[in-house]
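Engineer: how would this look folded up:
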Amino acid sequence: MSKKKERIIPKYAVGPIETHCHLDYLKGQELIDTLEKCQEYGVNKVVTIAVSPDNLKKVRDLTANEIVYGTQGIHPHEAKHITQGTYQEIEESLTNPKIVAVGEIGLDYYYEFSDPNIQKEAFEKQLQIACDNDLPVVIHTREADADTKAILKNFSTTLKRKGVIHSFTSGIELAEFCLSEGFHIGFNGIVTFKNAGNVRNVLDIVPVEQMLLETDSPYLTPVPFRGRENAPFYLPCIADFIATHKEIDAQKLIDIANSNAENLFFKLR
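Structural biologist: As a prediction, this is how the structure comes out:
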């Protein structure tokens with residue numbers, strides 16, 4: 001009887017920066033243990049992402065940890081819950097040096113948990129907040145390529161810092177537009193999934209110089225750890241897979257992706 005191949009997390013001299021996760025959504029892990037394990041695998045900066053009016057403060061509180069940074073913004077699923085006070089809270093929070101972007105914002109027409117018109121209004125208002133505060137954005141888009149492109153076109157000259165289209169699963173046309181506009185593209189565990197050929201097709205056209213690495217944990221656990229709750233310390237698995245796919249040395253890929261993250265999120269904070 002053949003033995004199953006041992007599942008291991010690769011280690012590198014310098015580990016990747018985690019640019020997108022949701023630490024406050026972890027269920028099966030103690031936060032302190034997770035962050036210690038991140039450092040064990042060289043993941044020494046972690047950006048945890050806000051998504052709703054209810055977790056804006058939770059994200060800010062998490063940034064008290066030395067290696068944790070955060071964002072402030074409302075996901076399109078939650079757009080229907082935004083009030084004027086929500087926008088005010090986001091804007092006031094951006095003076096915190098550990099808050100590095102406005103996000104997670106955007107459009108999601110796959111589920112339509114919020115009306116598309118409400119989503120678009122929220123997306124535009126939060127893009128304007130990013131413009132006004134000279135911060136990058138973290139964008140979620142699903143089944144909304146045309147409207148995402150149209151709205152971003154309207155902010156082409158005013159959104160100086162650009163940002164990232166995270167967990168990219170959209171079409172090649174939107175990817176090419178975002179790359180031409182100076183956005184980064186974020187890749188996570190989806191890229192390792194057997195049925196994610198569409199994501200790997202996009203990966204093929206994205207230069208490493210415009211790529212960010214993320215887990216979107218606790219979701220989308222990469223192969224070979226499917227079935228477990230995801231965590232930022234699995235990020236080296238994603239880096240290793242992408243490096244193999246793009247036929248580039250993994251440490252070189254990590255170094256470039258880390259430089260991208262530093263320049264986008266941390267350089268001016």
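
Engineer: Which other helices and strands does whichever strand in the chain runs longest contact?
Structural biologist: Under DSSP state E, the strand in the chain containing the largest number of residues is strand 99-108. For strand 99-108, the packing partners by 3 or more CB pairs under 8 Å, 6 or more residues apart in numbering; DSSP states H and E come out as strand 68-72, helix 116-133, strand 137-142, helix 145-154, strand 163-165. Just so you know, the C-beta spots here come from the backbone N, C-alpha and C atoms, and that holds for glycine as well.

Engineer: repeat that with 7 Å
Structural biologist: Judged by 3 or more CB pairs under 7 Å, 6 or more residues apart in numbering; DSSP states H and E, strand 99-108 is in contact with strand 68-72, helix 116-133, strand 137-142, helix 145-154.

Engineer: possible to save the ones you listed as CSV with mean pLDDT, mean neighbour count and distance to Lys162?
Structural biologist: Shown next, in CSV, are these (pLDDT from 0 to 100; neighbours: other CB atoms under 10 Å; distance: least, CB to CB, whole Å):
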stretch, mean pLDDT, mean neighbour count, distance to Lys162
strand 68-72, 98, 26, 15
helix 116-133, 98, 18, 9
strand 137-142, 98, 26, 8
helix 145-154, 98, 16, 9
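
Engineer: okay, these in a markdown table with distance to Thr215 next?
Structural biologist: Below are the helices and strands packed on strand 99-108 laid out as a markdown table (distance: least, CB to CB, whole Å):
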| stretch | distance to Thr215 |
| --- | --- |
| strand 68-72 | 14 |
| helix 116-133 | 23 |
| strand 137-142 | 14 |
| helix 145-154 | 23 |
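
Engineer: Figure out which of those is closest to Val100.
Structural biologist: strand 68-72 (5.0 Å; CB to CB).

Engineer: I figured Glu209 hits Ile256, correct?
Structural biologist: Yes. Counting by CB atoms under 7 Å, Glu209 does reach Ile256; the two are 6.3 Å apart.

Engineer: Have a look at those two and say which one is more surrounded.
Structural biologist: Ile256 (16 against 10; other CB atoms under 10 Å).

Engineer: Report the separation between Thr244 and Tyr12.
Structural biologist: As defined by CB to CB, to the nearest Å, Thr244 lies at a distance of 14 Å from Tyr12.

Engineer: The two: which is more packed in?
Structural biologist: Of the pair Thr244 and Tyr12, Tyr12 is the one with more neighbours under other CB under 10 Å, namely 17 against 11.

Engineer: Identify the residues contacting that one.
Structural biologist: For Tyr12, the contacting residues are Gly42, Pro236, Ala250, Gln251, Ile254, by CB atoms under 7 Å, 6 or more residues apart in numbering.
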